[in-house]
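J.: Just need the structure, nothing else, for what follows:
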Amino acid sequence: MKKLVQKGFTLIELMIVVAIIGILAAIAIPNFIKFQARSKQSEAKANMKAIFTAEKAFFQEKDRFSSLTGEVGFEPERNNRYAYYLTMTATNSEDRTTSQITSHTDDNAIKVDTFKYSGATALPAFSSAPCGTTLVVVNPAPGVTPSFIAGAIGNIDADTALDQWSISSDSRTFSPSATCTAEAANPSGEPSNEVNDVNL
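T.: Sure thing, here's the model as predicted:
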């Protein structure tokens, strides 16, 4: 009668496999989190371009830019992680804390959707201006080149740092530094990532 030989993995072999999986996970998870945060930044890029398009269309009709979201027709979809500013000093903002959006004719900012992201700050301050950007709307006067700057700020990961974007009707030059992560040359209508939360 032949003796059956049972074959299997030894404890050492299993421990080596578990160690290899642990090393691969330690490398992959931080990279995955960065890629996930970068994908969330696409909201800001798309909405900044929508603001630019709305402002340019409004300018063609009225010969001026506006700091009012309702006047230019900017209304991002719900579930926005970023707050949007059409002026630095947001006196009125569209409230997104409940299932119904509360907007006013004099809104110049749109809050983060805290109905969906309850732990987020509804209207984080866009005051640091790390690249020297000031969010102002200049209504054109005779002989003056009209321009506007709009901004977005939000938290796209679990840390306290905020991701900050701006867009302008004019080409701008930045001085990248430890606090300013924008590229030096910023053409008109191109969203600029002034503070990149992914890299902080």
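
J.: and A150, helix, strand or coil?
T.: Following DSSP: H, G, I helix; E, B strand; the rest coil, we place A150 in the strand state.

J.: wait, what's in contact with the closest residue in space to it that isn't next to it in sequence?
T.: Residue nearest to A150 in three dimensions, not counting chain neighbours: I51, with 4.6 Å by C-beta to C-beta, 6 or more residues apart in numbering. Bear in mind the C-beta positions are built from the backbone N, C-alpha and C, glycine included. Residues counted as contacts of I51 (C-beta atoms under 8 Å, 6 or more residues apart in numbering) are V72, F74, Y84, L86, A150, I167.

J.: Doesn't T98 lie inside a strand?
T.: No. Counting by three-state DSSP, T98 is not part of a strand but coil.

J.: Need the nearest residue in space to it, chain neighbours excluded.
T.: Using C-beta to C-beta, 6+ apart, the closest residue to T98 is F115 (5.8 Å).

J.: Where does pLDDT dip in this protein?
T.: For the chain, the stretches flagged by pLDDT under 70 are 1-2, 127-129, 133-145, 200.

J.: now the strands for it?
T.: 82-85, 93-94, 109-110, 137-138, 147-154, 163-168, 172-173, 185-186, 192-195 (DSSP state E).

J.: Figure out which of those is closest to A57.
T.: Among the strands of the chain, strand 147-154 comes nearest to A57, with 12.6 Å by C-beta to C-beta.

J.: which parts of stretch 185-192 are buried?
T.: For stretch 185-192, a neighbour-count test (16 or more other C-beta atoms under 10 Å) marks N186, G189, E190, P191, S192 as buried.

J.: Out of these, give me the two with the largest separation.
T.: Among the buried residues of stretch 185-192, G189 and S192 lie farthest apart (C-beta to C-beta), at 10.6 Å.

J.: Need the overlap of contacts for the two.
T.: I167.

J.: Could you check how far the residue nearest to T98 is from P146?
T.: 36 Å (C-beta to C-beta, to the nearest Å).

J.: try P176
T.: 28 Å.

J.: Settle it for me: which of these two has more neighbours?
T.: A direct count of neighbours by other C-beta atoms under 10 Å for P176 and P146 places P146 higher, at 16 against 13.

J.: Tell me the one among the buried residues of stretch 185-192 nearest to N92.
T.: P191 (24.1 Å).

J.: Skip the chain neighbours and tell me the closest residue to the closest one.
T.: Nearest one to P191, counting by C-beta to C-beta, 6+ apart, is M48 at 3.9 Å.

J.: burial measure for that neighbour, as a count.
T.: 24.

J.: Make sure it is actually in contact with W165.
T.: Yes. At 5.6 Å, M48 counts as touching W165 under the criterion of C-beta atoms under 8 Å.

J.: List the residues that are in contact with both of these two.
T.: Contacts common to M48 and W165, judged by C-beta under 8 Å, 6+ apart, are A152, P191.

J.: mind listing what R38 touches?
T.: Counting by C-beta under 8 Å, 6+ apart, R38 has contacts V198.

J.: can you start the count at 698 instead of 1 from here on
T.: Yes, from this point I'll number from 698; that puts the last item at R735.
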